[in-house]
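Visitor: Below are the sequence and a predicted model; questions follow.
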Amino acid sequence: MKFGDNLQNLRKQKRMSQEQLAEKVNVSRQSISKWERGESYPTMNNIMSLCKIFHCKLNDIVHEDITDLDALDEEVIMNTVKFKKEKQQKMKGLSKAIYIIARICRILVPLAIPVVIVCMIFIPYLVNIVQLSDEKISSTDNKITIIDEEEGLRLKYKDLLIADEYNQESIAKIKEVLANNSKAEITAYLETAGLTEIIFFILFCIILKHLDELFVNINNGDTPFTLENVKHIKRMAYLLIAAIILPTAGGFLFEAILNTDLDAGFDLYNIIEILFLFSMAYVFEYGYEIQLDSKGKIYGDSDEITAS
């Protein structure tokens, strides 16, 4: 293996950027980049500095294949190998399944956005044709019918069922909103609710992106305890907070505007989700610190560690 490949492998195993390594060797980032691409070579003093940084022998970095673990000093081995083989296989299998699911959801969730947009376009017309009389909801349009019966409420376009509602409490709230508010106020509320849904789906897409990248890193890496993974978990927690607060805050606002109880409030389950993500972030952060202190000896004694 060439010197540039050896240098790049060592730098990645130490989880250093080219900028970080350049600062340690006291050269420019462009110099590190050229060394790794084989466009130029460091001086002997710089090579010795690299050996000191990576705790490897001169022969290792200049001639040997750095993937040959027997050629490395113990500290480099500990920073290269993190999992016992059986644990690695189980962890990588689970992480692969999770990031595949996350990628599928990243495809499906954005499809909901155009559906919401279509509904927002249709809302003003629908609100305009809806009327409430004698505690019954009906439509003034011959093609769009509203069937208000004891068992529930159904909205049809000709013979096609568009929507239905069978929860009597929800139906009662719909009638209360129709009775106490103008059509302009109702339209404004529904349009704003639709916009909130779009923002929620966008936030959820970003959360799925971080979830995908987190478990790709876990699947491809030799340890889950990296600062990049900690950042992904924390960002998911912050985005989840925004995704929960956004519709809830909107619900409180429109309860005041419409003078109607819309059951806006925080769900205990959502709070538990946030706390779980934050706790996971701290677990990963703590694991990363232990990893630094123990030189990679996390999952067992040195004689138990098996290369993948």
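Guide: Nice, I can see it.
Visitor: In the protein, where is pLDDT below threshold?
Guide: Scanning the chain for pLDDT under 70 picks out 1, 59-60, 62-88, 222, 250-251, 254-269, 290-308.
Visitor: make it 50
Guide: Where the chain drops to pLDDT under 50, the residues are 1, 64-81, 298-308.
Visitor: Identify, by residue count, the longest helix of it.
Guide: The longest helix of the chain (DSSP state H) is helix 183-220.
Visitor: tell me which residues in that helix are buried?
Guide: 185-191, 193-194, 196-197, 200-201, 203-205, 207-219 (16 or more other Cβ atoms under 10 Å). (C-beta placed from N, C-alpha, C; glycine too.)
Visitor: Also stretch 44-62?
Guide: Under 16+ other Cβ under 10 Å, the buried positions of stretch 44-62 are 46-47, 49-51, 54-56, 60-62.
Visitor: In TSV: these, plus secondary structure.
Guide: Output for these, formatted as TSV (DSSP: H, G, I helix; E, B strand; the rest coil):
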residue	secondary structure
46	helix
47	helix
49	helix
50	helix
51	helix
54	helix
55	coil
56	coil
60	helix
61	helix
62	helix
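Visitor: Spatially nearest residue to residue 120 (excluding sequence neighbours)?
Guide: Distances taken as Cβ to Cβ, 6 or more residues apart in numbering place residue 194 nearest to residue 120, at 4.1 Å, with adjacent residues excluded.
Visitor: Tell me which residues touch the one you found, please.
Guide: Residue 194 is in contact with 116-117, 119-120, 123, counting by Cβ atoms under 8 Å, 6 or more residues apart in numbering.
Visitor: and those as TSV, adding neighbour count?
Guide: As requested, the contacts of residue 194 are exported to TSV (neighbours: other Cβ atoms under 10 Å):
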residue	neighbour count
116	17
117	14
119	16
120	17
123	18
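Visitor: Take the residues you listed and lay them out in a markdown table including secondary structure and distance to residue 277.
Guide: Putting the contacts of residue 194 into a markdown table (DSSP: H, G, I helix; E, B strand; the rest coil; distance: Cβ to Cβ, whole Å) gives the following:
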| residue | secondary structure | distance to residue 277 |
| --- | --- | --- |
| 116 | helix | 26 |
| 117 | helix | 30 |
| 119 | helix | 31 |
| 120 | helix | 31 |
| 123 | helix | 34 |
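Visitor: what's the closest of these to residue 132?
Guide: residue 123 (17.0 Å; Cβ to Cβ).
Visitor: OK, contacts around the closest one?
Guide: Residue 123 touches 187, 190-191, 194, counting by Cβ under 8 Å, 6+ apart.
Visitor: Name the nearest of these relative to residue 285.
Guide: The closest of those, once distances to residue 285 are taken by Cβ to Cβ, is residue 194, at 38.4 Å.
Visitor: do you know how far the closest one is from residue 156?
Guide: 21 Å (Cβ to Cβ, to the nearest Å).
Visitor: residues in contact with residue 175?
Guide: Counting by Cβ under 8 Å, 6+ apart, residue 175 touches 132, 135, 137.
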